[in-house]
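Student: here is a sequence together with a model predicted from it:
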Amino acid sequence: MVRMTAEERRESVIRAAMVEFARGGYRGTSTEAIAKRVGVSQPYLFRLFPSKQAIFRAASERCMQETWQAFDSASEGLTGEAALEAMSAAYLALIEDRERLMMQMQIYVSVFAAEAGGDQEIGDAARAGWLELFDRIRIRLGGDTEEATRFMAYGMLINTLVAMGYPPDHRIWAGFESPKHPDADGCVPKSD
């Protein structure tokens, strides 16, 4: 039997936490559920991360990092319209994994819930991650803030439609334009 290193175990906790938080949100997810999914005890979990909040932050950061990695990989060497189309298609492929999408949505909800309870750290970290993602997209789109805003706005609309379970052939998607090389859904945001 091969033993995992602490770093490998930490990685498995982040992955498990992303699934559990996606399903239950910050408040509705217990560290016990995360530990069980990973196959470790809660005391061991807390040796890897000092608190549930730290686990959530790590899962949130990973979610944002993976989103940018998908955009970056798809649009490497591209700018403007070509980068926009590549990142749009990459995003639609990325969120085919509804748990990944729901983790992203839970980040937004958890900010409100945490701040309503007096906890600013989760919101500060989430806003920093989202702003970094926005700035990277803006730069990849040639520094155009309006275009980056439009891209992110369409992305949030797509998040809502996918989270609510609208199938790709539903009429609600009719306002989206098909790219030259459509992905499985056949939709990307218009770039006007």
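Tutor: That came through fine.
Student: and for the spatially closest residue to residue 83 that is not a sequence neighbour, the neighbour number?
Tutor: Leaving aside its sequence neighbours, residue 83 sits nearest to residue 75 (CB to CB, 6 or more residues apart in numbering; 4.1 Å). Placement of C-beta: from N, CA and C, glycine included. Neighbour count of residue 75, defined by other CB atoms under 10 Å: 21.
Student: residue contacts, residue 75?
Tutor: By CB atoms under 8 Å, 6 or more residues apart in numbering, the contact list for residue 75 reads 82-83, 86-87, 90, 140.
Student: would you turn the residues you listed into TSV with pLDDT?
Tutor: Below are the contacts of residue 75 laid out as TSV (pLDDT from 0 to 100):
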residue	pLDDT
82	94
83	94
86	96
87	96
90	95
140	94
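Student: mind listing residues that contact stretch 35-50?
Tutor: Here stretch 35-50 makes contact (CB under 8 Å, 6+ apart) with 6, 9-10, 12-13, 16, 19-20, 31-32, 34, 55, 58.
Student: list buried residues within these.
Tutor: Of all those considered here, the ones buried according to neighbour count by 16 or more other CB atoms under 10 Å are 9-10, 12-13, 16, 19-20, 31, 34, 55, 58.
Student: just the residues you listed: which are in helices?
Tutor: Using DSSP state H, 9-10, 12-13, 16, 19-20, 31, 34, 55, 58 are the members of the buried ones among the contacts of stretch 35-50 that sit in helices.
Student: okay, the nearest residue to residue 38 once chain neighbours are set aside: pLDDT?
Tutor: The shortest distance from residue 38 to any residue that is not its chain neighbour, by CB to CB, 6+ apart, is 4.6 Å, and that residue is residue 16. For residue 16, the pLDDT comes out at 97.
Student: tell me how far residue 16 lies from residue 50.
Tutor: When distances are taken as CB to CB, to the nearest Å, residue 16 and residue 50 turn out to be 17 Å apart.
Student: ditto for residue 33
Tutor: In this structure, residue 33 lies at 18 Å from residue 50, with CB to CB as the measure.
Student: go on, residue 123?
Tutor: Relative to residue 50, and taking CB to CB, residue 123 is found at 19 Å.
Student: wait, doesn't residue 173 sit right on residue 162?
Tutor: No: under the criterion of CB atoms under 8 Å, residue 173 makes no contact with residue 162, lying 10.1 Å away.
Student: who has more neighbours out of these two?
Tutor: Each of residue 173 and residue 162 has its neighbours counted (other CB under 10 Å); residue 162 has more, 19 against 15.
Student: show me where this structure has its strands.
Tutor: Across the chain, reading from the start of the chain, there are no strands by DSSP state E.
Student: show me where it dips below the pLDDT cut-off.
Tutor: Using pLDDT under 70 as the threshold, the predicted model of the chain has low-confidence ranges 1-2, 177-192.
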